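1. mind looking at a prediction? Sequence and model below.
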There are 2 protein chains.
Amino acid sequence: MSARYTIGLDYGTNSVRALIVNVANGAEIAAAVWGYEHGTAGVILGRDPNLARQHPADYLKGAAITIRQALALAKQSVKGFEAGQVIGIGVDTTGSTPLPVDANGQPLVFQKKFAGNPAAMAWLWKDHTGIAEAAEITALAGKMRPPYLAKCGGTYSSEWFFSKILKCLRTAPAVFQAAHSWIELSDFVPAALTGTLHPDKFIAGICAAGHKAMYSATWGGYPDKAFLSKLDPKLGALRDRLPTRVLAVDSAVGALTADWAKQTGLPAGIPVTVGAFDAHTGAIGAGVKPGTLVKIIGTSTCDISVRVNTAKLADIPGVCGIVNGSVVPGYFGIEAGQSAVGDIFNWWVDYIQPGGKMALSHRQLDEAALKLQPGESGLLALDWNNGNRTILVDQQLTGLLLGQTLYTTPVEVYRALVEATAFGALTIINRYEEYGVKISEVVNCGGIADKSALVMQTYADITGRPMKISRSAQTCALGSAIAAAVVAGAHKDFAAAQKKMTGLKPKVYKPNPKAHAVYKELYALYKQLHDAFGTIQWNGNLHGVMKKLIEIRSRVRK
Amino acid sequence: MSARYTIGLDYGTNSVRALIVNVANGAEIAAAVWGYEHGTAGVILGRDPNLARQHPADYLKGAAITIRQALALAKQSVKGFEAGQVIGIGVDTTGSTPLPVDANGQPLVFQKKFAGNPAAMAWLWKDHTGIAEAAEITALAGKMRPPYLAKCGGTYSSEWFFSKILKCLRTAPAVFQAAHSWIELSDFVPAALTGTLHPDKFIAGICAAGHKAMYSATWGGYPDKAFLSKLDPKLGALRDRLPTRVLAVDSAVGALTADWAKQTGLPAGIPVTVGAFDAHTGAIGAGVKPGTLVKIIGTSTCDISVRVNTAKLADIPGVCGIVNGSVVPGYFGIEAGQSAVGDIFNWWVDYIQPGGKMALSHRQLDEAALKLQPGESGLLALDWNNGNRTILVDQQLTGLLLGQTLYTTPVEVYRALVEATAFGALTIINRYEEYGVKISEVVNCGGIADKSALVMQTYADITGRPMKISRSAQTCALGSAIAAAVVAGAHKDFAAAQKKMTGLKPKVYKPNPKAHAVYKELYALYKQLHDAFGTIQWNGNLHGVMKKLIEIRSRVRK
């Protein structure tokens, strides 16, 4: 039998990637990337710094271009490769990235009337225009439907589905009125590829619905009509037009259409899986299983783990989502994360640009910082330059650096920032374990995990746990390809597929006991600052300092 | 009558300056500067970063060179100028900078046996080797002699006279044993110039004795023998050999010797005033009078004011010294200060070096930061990179920066650091006024006051007070020249001399009411952080965070 392959189609913030994987061994034989055409690096921005949108045309064009190109590359790299050997497609995307669609399931922005209207485009995950709406949803759910909140960590975010729709309803009523429904990007692409982009046929993924739209079988799907109507009767009415079939990534949404077969060069009729978020398929690609925490470290970090599906799993305060089947079917998927990790290092390197004419690079700072001893600089930082996603669930927080003298160097600050993100990571692990989710293994993926010995060694030393690295450099796309392999019948289940198709790098960063001992002391100090500035329980006054500064800033900038 | 002149001889950390001033109008007709020869930029350093010493030979050589050179320059700048028109010399120096002397009053390090021995040199003001001894003195005084502490703000500093002597006693006993006595640099120079450098003839200045050696007429001079003996019997024995005559700057210590007349080209017999610290004569040169706060802004800042000499002046907690006659005779001299001001800006520019290949200069940062609005950056900093001299009197504190996002710029941080020093300045003014010392005018001197519109405007906006600038760029030396003019009889008193010899620049920085309103809000937040991290009353835990980081740092660096 000739080799069989699946394609992982991975939609990031700035570009889309197609990865062709051998289902027998996970070999990644070809990959192609295409940067979105619209906006700035694929993101449409506005005068409001919170606004971030995307044009859905980029999603469709990107699929055709990258698949065609990846197939061409595969022919070069594997002798005798034929597109006919591809047996399925899996899809993962950013999220929550919802877009309004018309009664035919087509993006509203495709209509002449709404062309170029940002409200009719896809509302990218990092669009924060709905801050007030998120607070309103959180407050109402806390009063009216506490269980809705409990499963998403106690706070409904401005990044999520209903915050964005409610914001549109209030600020772009014509768009809201014209929209038949709203769908997630992770559902849009599979539906488009399979011709199911129609209200009657549409299937949503449990990953997006469960983590971002408060969907749960426990309470009969999406939030109930009374609740949504209380926010706005029109939002209540929309509920009837939301997708009714919500499935996990072990299902196909349909088969590749003849038209898309022609556009891509793939055989028509191959299955396209239910879509999911990139971090979730990334966890699959990194070999997630109960006890494993997968850290997808990039500009921000997503922490994904799974737990055997029992009714007993407690809610975990501050952990943004626990959803049945959102990662691997049959398990609870648990999602946490840090709002900025690589972005904090980038801030220091790209915005502050320390080191004068030397213009220190990440690599130079990494190498120099690795030579310092824990505690040597006397510095301590909080990793909140972009707020705190877990466990405080508060975007209205900011960075803090403490301990600087007249001789503090750029390298010392850089190391303190790396340490801060590691302390943040440890805080998440501790929270998991406090609530009964035991973490026995940490697998890291993403470019930083791959390239920065400083980051990985610091994470090992601070958490006191070995840091393993995923073998694949494209775990998200690989995870989608694995889902496609399961759906296409190449493996009996995800565990079997992961066993064959995933792996770890030989290098494991082991904690240094001496460093860990110092970091234990430093972590106690980090936790004091964390609690003092991050919570009102501990001390209302200092918590208020960061809040008040943001309030003054907003007022002055107006 | 031909014009008369006096010389101000001003000993800084790295160099000495001689300034020739016309007593009739304060015209500065010539100045010469000479950098000390020994050590690194005049400072002898050691493996211990707290060690900072100077070689007394530099003080003597510097007097001869700079006076000769200034006289030569005066001949060029004023037609017909003759050295015989110089009628007196005033001296100011850094301090507390004590040095051990032998039974003939000669510096111990001049003896072959002690040549090159740092313990036998002058212990420069910024030598912090006596941290433990300072704590011990503070603790004992608190228990045994509370009034000693009350007049120096509640804490005896490691920078001061007895901390250094006790440190020498313990770590360099041979030097201590060989020392007949210890004298301040501000007393050493006048004594050397007048041939009174002998235990029988020696006169000390009240400025150094009162501010740094707990000298007060109230309790009969220096701390009593029982107290010093409790620290160490040998220190108690030393008390009998400390100077017995302690005077203010309106007295002469003697007349210039024939030898020094020859070395300098000045007429023999002219009076040399009692010496004082540079900041104190700087206040004279800036026109200090009751109600005026003189800020000498440099790498650190000294705040000097005077108040009518009544027995009623309350002690001011956290203000490092209130001494009768220490600035202007007949008034209480009040000294406060900030441990780092220019040094914090230098840290950002010289150590962090932000802005990459542009290598942003102070000037570029100043100009750009001046365009920002108060509160716009969302940043808030504490000005403690070198500890806090007033009002916390705690060198074991460190810097803090709060509010940074992913987009915070080097200019925003720079402005936040400038604002932090202004908030620190306001905290000192507020403390003065809380204890009945009304400040009706602020006069600034030093290079930063002269050059930085950003700093001066920010100080005006934050304190809500106009910022005036001293006319002279050499206020310390000018103040010494004024003292010499009074001592030589050219003016009947300091008020009369100041009226003729000092002045302000026409430019006054006036507070912008809109900016001041925003800064009022920001100052409340600064004060919260100040109290939370700076005091144990408010919250022991956070105060402990900075302390613990320093403890860990010291341990790790060992």
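-> Received, thanks.

2. helix/strand/coil for A:L73?
-> helix (DSSP: H, G, I helix; E, B strand; the rest coil).

3. residue contacts, it?
-> A:L73 sits next to A:30-32 when contact means C-beta atoms under 8 Å, 6 or more residues apart in numbering or on different chains. Quick note: C-beta positions are derived from backbone N, CA and C, even for glycine.

4. rerun at 6 Å
-> By C-beta atoms under 6 Å, 6 or more residues apart in numbering or on different chains, the residues touching A:L73 are A:A30.

5. now swap in A:G464 and tell me
-> Applying C-beta under 6 Å, 6+ apart to A:G464 gives the contacts A:511, A:516.

6. low-confidence bits of the stretch 1-150 of chain A, can you list those?
-> A:1 (pLDDT under 70).

7. what does chain A put close to chain B?
-> The interface of chain A toward chain B, taken as C-beta under 6 Å from any C-beta of the partner chain, is made up of A:343, A:347, A:352-357, A:359, A:373, A:375-376, A:378, A:380, A:385-386, A:398-406, A:410, A:521, A:525, A:528, A:532, A:541-542, A:545, A:548-550, A:552-553, A:556-557.

8. list only buried entries from the residues you listed.
-> Neighbour counting with 16 or more other C-beta atoms under 10 Å in any protein chain shown marks A:343, A:347, A:352-356, A:359, A:375-376, A:378, A:380, A:385-386, A:398-406, A:410, A:521, A:525, A:528, A:532, A:541-542, A:545, A:548-550, A:552-553 as buried within the residues of chain A next to chain B.

9. which of those residues fall within strands?
-> Using DSSP state E, A:380, A:399-404 are the members of these that sit in strands.

10. quick one: classify the residue positioned nearest the centre of chain A as helix, strand or coil.
-> Centroid-nearest residue in chain A, with C-alpha atoms, centre = their mean: A:A279, separated by 4.7 Å. Under three-state DSSP, the three-state class of A:A279 is helix.

11. do the same with the one 4 residues further on
-> For A:A283, the secondary-structure state derived from three-state DSSP is helix.

12. how about it: what's its closest non-neighbour residue?
-> A:I304 (3.7 Å; C-beta to C-beta, 6 or more residues apart in numbering or on different chains).

13. what's near enough to touch that neighbour?
-> So A:I304 contacts A:279, A:283, A:294, A:327, A:335 (C-beta under 6 Å, 6+ apart).

14. of the residues you listed, which is the nearest to chain B?
-> A:A279 (19.7 Å; C-beta to the nearest C-beta).

15. I'd say the closest one and A:I296 touch.
-> Yes. Using C-beta atoms under 6 Å, A:A279 is in contact with A:I296, at 5.0 Å.

16. quick one: buried residues of the lengthiest helix in chain A?
-> In chain A, with assignment by DSSP state H, the single longest helix is helix A:410-434. If you call a residue buried by 16+ other C-beta under 10 Å, then helix A:410-434 has these buried ones: A:410-429, A:431-432.

17. quick one: least confident helix or strand in chain A?
-> Lowest mean confidence among the helices and strands of chain A (mean pLDDT, DSSP states H and E): helix A:540-557, at a mean of 77.

18. so where's the stretch 201-350 of chain A uncertain?
-> Using pLDDT under 70, the stretch 201-350 of chain A drops low at A:311-313.

19. re earlier: can you list the strands that the helix or strand harbouring the residue nearest to A:A283 pairs with?
-> Secondary structure from DSSP states H and E places A:I304 in strand A:301-308. Paired strands of strand A:301-308, with direction, are strand A:292-297 (antiparallel), strand A:331-338 (antiparallel) (DSSP bridges).

20. from A:V253, how far off is the nearest residue to A:A213 once chain neighbours are set aside?
-> Closest residue in space to A:A213, ignoring its immediate chain neighbours: A:F161 at 4.1 Å, by C-beta to C-beta, 6+ apart. From A:F161 over to A:V253 the distance is 19 Å, taken as C-beta to C-beta, to the nearest Å.

21. kindly report the same for A:A132.
-> 34 Å.

22. go on, A:A495?
-> With C-beta to C-beta as the criterion, A:A495 and A:V253 are 23 Å apart.

23. which of the two has more neighbours?
-> A:V253 (28 against 13; other C-beta atoms under 10 Å in any protein chain shown).

24. residues near A:P146, how many?
-> For A:P146, the neighbour count with other C-beta under 10 Å is 11.

25. beta partners of the residue nearest to A:A283?
-> With DSSP bridges as the rule, A:I304 is bridged to A:V294, A:E335.

26. one step back: OK, contacts around the residue nearest to A:A213?
-> A:F161 makes contacts with A:96, A:98, A:212-213, as judged by C-beta under 6 Å, 6+ apart.

27. redo the residues you listed as a markdown table? Include distance to B:R4 and secondary structure.
-> Shown next, in a markdown table, are the contacts of A:F161 (distance: C-beta to C-beta, whole Å; DSSP: H, G, I helix; E, B strand; the rest coil):
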| residue | distance to B:R4 | secondary structure |
| --- | --- | --- |
| A:S96 | 83 | coil |
| A:P98 | 86 | strand |
| A:K212 | 85 | helix |
| A:A213 | 89 | coil |
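
28. looking at the residues you listed, which is nearest B:T502?
-> Closest approach between the contacts of A:F161 and B:T502, by C-beta to C-beta: A:S96, at 68.2 Å.

29. in terms of contact, does the closest one touch A:A213 like I think?
-> No. Using C-beta under 6 Å, A:S96 is not in contact with A:A213; the gap is 7.5 Å.

30. since we're on A:I65, how many residues are nearby?
-> 17.

31. once you drop chain neighbours, what's closest to it?
-> Nearest residue to A:I65, sequence neighbours excluded (C-beta to C-beta, 6+ apart): A:W34, at 4.7 Å.

32. ok, how many other residues are close to that neighbour?
-> By other C-beta under 10 Å, neighbour count at A:W34 equals 19.

33. please apply the same query to A:S77.
-> 12.

34. what's the answer for the one 10 residues further on, then?
-> Other residues within reach of A:I87, judged by other C-beta under 10 Å, total 20.

35. got a list of what the closest residue in space to A:W384 that isn't next to it in sequence touches?
-> Spatial nearest neighbour of A:W384, chain neighbours left out: A:L397 (4.3 Å); criterion: C-beta to C-beta, 6+ apart. By C-beta under 6 Å, 6+ apart, A:L397 lies in contact with A:384, A:387-388, A:546.

36. residue of the stretch 451-558 of chain A closest to chain B, please.
-> For the stretch 451-558 of chain A, C-beta to the nearest C-beta, closest residue to chain B: A:R553, 3.7 Å.

37. that residue touches B:G378, doesn't it?
-> Yes. The criterion here is C-beta under 6 Å, and A:R553 meets it with B:G378 at 3.7 Å.

38. what pLDDT is listed against the residue lying farthest from the centre of chain A?
-> Of all residues in chain A, A:L406 has its C-alpha farthest from the mean position, at 39.4 Å, by C-alpha atoms, centre = their mean. In this model, A:L406 is scored at 92, pLDDT.

39. could I get the phi/psi values of A:G318?
-> A:G318 adopts backbone torsions of phi 80, psi 0, taken as degrees, to the nearest 10.

40. can you pull out the helices in the stretch 201-350 of chain A?
-> Counting by DSSP state H, counting those that start in this stretch, one finds helices in the stretch 201-350 of chain A at the ranges A:206-212, A:225-231, A:233-239, A:258-264, A:278-285, A:342-346.

41. of all those, which one is nearest B:V393?
-> helix A:342-346 (35.1 Å).

42. got the buried residues for that closest one?
-> For helix A:342-346, by 16+ other C-beta under 10 Å, it's A:342-345.
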